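Q: Build me a structure from this.
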Amino acid sequence: MQRILIILLFSGILAASAQGQTDTIFRIQKTYPGDVTDFSVDNLGNIFILYQNGQLKKLNREGDSLAVFNNVRRYGKLFSIDVTNPLKILLYYKDFSTVVILDRLLNTRATLDLRKLNLYQVRAISQSYDNNIWVFDEFESKLKRISDDGKLLDQFTDFRVLFDSVPSPQYIFDQNKQLYLYDSLKGIYIFDYYGSFKSRLPFTGWRDFSVINNFLFGRDHQNLFRYEPGTFNLQHYPIPLSMINSQKILITAGKIYLLRDNKLEVYQFQ
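A: The predicted model follows:
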C-alpha cells in the first residue's frame, strides 16, 4: 500500500503540475526558518535539520524537537546525512574520511576513521541491508561493506575490471535487495547484494537522486524525473515556478520538502 500511495501521489501531483495547476496542488504546512544548510527525513517522518552553526536538530513530524547534536563541526564540513535507519544515523565527513554513528537521540555510538581502515578515498557511504555500512573506495574502485567497528565484511569486484569508464558515485541506495549507485556524469548503476552487475541507466545531470520502493527520482534545474527500472518509461514534469530555485527537493508520501533562502519549507499535497 505504501508503494502504491507514493506512486499515485507522485504521478498525480506532477501530472497536475505539467498541466499548469501548480498553484493549487501544494499547500504549505510548515516553515523552519534560520540558517538551514541541509536536511533529511526518515521513514517515520522525523526531520533532521542541519544549521550553519553546526547544530543538527531532530524534529518529529509535528515539528517538536526530539534531540540535538552540537558536535557537528568536530570533523570539518558534514558531507552527508543518512537516516535510512531511524535508530542509526550516519554522518559522513568526507574531508576527514570519518563516519560518526548516532543513535535515535543523536548520542554518539561510534566513530570510524576510514583512513585507519586503509580507506583513503571514499566518495559515498550508505546504510546496508544488514545494518552495516556500504562505502565506495575510489582508490581501489570497489564497493565495500564494513561493520560499525571497521571490519571488512564484503567487497565487490574491482570496477576497473567491470567497466571501461569507472563510475564515481555520489549516492548509494540499498533497497529491496538492490544497490543503486548514482554518478551524475555516467548515470545509474544497479547491482544485487552479491555484487552482480544488473544494469546501467544513462540518466545524467540529476540532483537530489533518491530511490523509493525501486522507483528512481531526481531532478535537474527545470524538471522532476521518475523512472521504474525494467521499463522504457522515463517520466519528467516541469518544476513549479515557485519551487524552481530550491537548493534541495525531497519528495515523500504526501509531502514535499524544499530547502531555499536559509529555510526549510514543508508542503502538503492537496
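Q: Give me the distance from stretch 134-142 to the chain's centre.
A: 18 Å (CA atoms, centre = their mean, to the nearest Å).
Q: which parts of it are buried?
A: Applying a neighbour-count criterion of 16 or more other CB atoms under 10 Å, one finds Trp134, Val135, Phe136, Asp137, Glu138, Glu140, Ser141, Lys142 buried in stretch 134-142. Just so you know, the C-beta spots here come from the backbone N, C-alpha and C atoms, and that holds for glycine as well.
Q: Secondary structure and pLDDT added to those residues, as JSON lines?
A: Below are the buried residues of stretch 134-142 laid out as JSON lines (DSSP: H, G, I helix; E, B strand; the rest coil; pLDDT from 0 to 100):
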{"residue": "Trp134", "secondary structure": "strand", "pLDDT": "97"}
{"residue": "Val135", "secondary structure": "strand", "pLDDT": "97"}
{"residue": "Phe136", "secondary structure": "strand", "pLDDT": "96"}
{"residue": "Asp137", "secondary structure": "strand", "pLDDT": "95"}
{"residue": "Glu138", "secondary structure": "coil", "pLDDT": "94"}
{"residue": "Glu140", "secondary structure": "coil", "pLDDT": "94"}
{"residue": "Ser141", "secondary structure": "coil", "pLDDT": "94"}
{"residue": "Lys142", "secondary structure": "strand", "pLDDT": "94"}
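Q: Please identify which of the residues you listed is nearest to Asp113.
A: Val135 (12.6 Å; CB to CB).
Q: Quickly note the distance from the closest one to Pro238.
A: Per CB to CB, to the nearest Å, Val135 is found 37 Å from Pro238.
Q: and if you look at Leu102?
A: Distance, Leu102 to Pro238, using CB to CB: 38 Å.
Q: for Arg260, same thing?
A: 17 Å.
Q: Low-confidence stretches in this protein?
A: With pLDDT under 70 as the threshold, the chain has low-confidence stretches at 1-25, 253, 269-270.
Q: Which stretches in the chain count as helices?
A: 2-18, 22-25, 159-162 (DSSP state H).
Q: So which other helices or strands are in contact with the last one?
A: In this case it means helix 159-162. Under the contact definition 3 or more CB pairs under 8 Å, 6 or more residues apart in numbering; DSSP states H and E, helix 159-162 sits against no other helix or strand.
Q: how does it look with 10 Å?
A: strand 142-146, strand 187-192 (3 or more CB pairs under 10 Å, 6 or more residues apart in numbering; DSSP states H and E).
Q: coming back round to it: Leu102 and Pro238: which has the busier surroundings?
A: For Leu102 versus Pro238, the count of surrounding residues by other CB atoms under 10 Å is larger for Leu102: 23 against 15.
Q: ok, Val72 - how many residues close by?
A: For Val72, using other CB under 10 Å, the count is 19.
Q: and it, what is it in contact with?
A: Leu50, Tyr51, Asn53, Gly54, Gln55, Leu56, Leu78, Ile81, Leu91, Tyr93, Val100 (CB atoms under 10 Å, 6 or more residues apart in numbering).
Q: mind running it again at 8 Å?
A: Leu50, Gly54, Gln55, Leu56, Leu78, Leu91 (CB atoms under 8 Å, 6 or more residues apart in numbering).
Q: Just give the number of residues close to the closest residue to it other than its chain neighbours.
A: Excluding the flanking residues, the one nearest Val72 by CB to CB, 6 or more residues apart in numbering is Gly54, at 4.2 Å. Neighbour count for Gly54, taken as other CB under 10 Å: 15.
Q: Please tell me I have it right and Gly54 contacts Asn70.
A: Yes. Between Gly54 and Asn70 a contact is recorded at 7.1 Å, counting by CB atoms under 8 Å.
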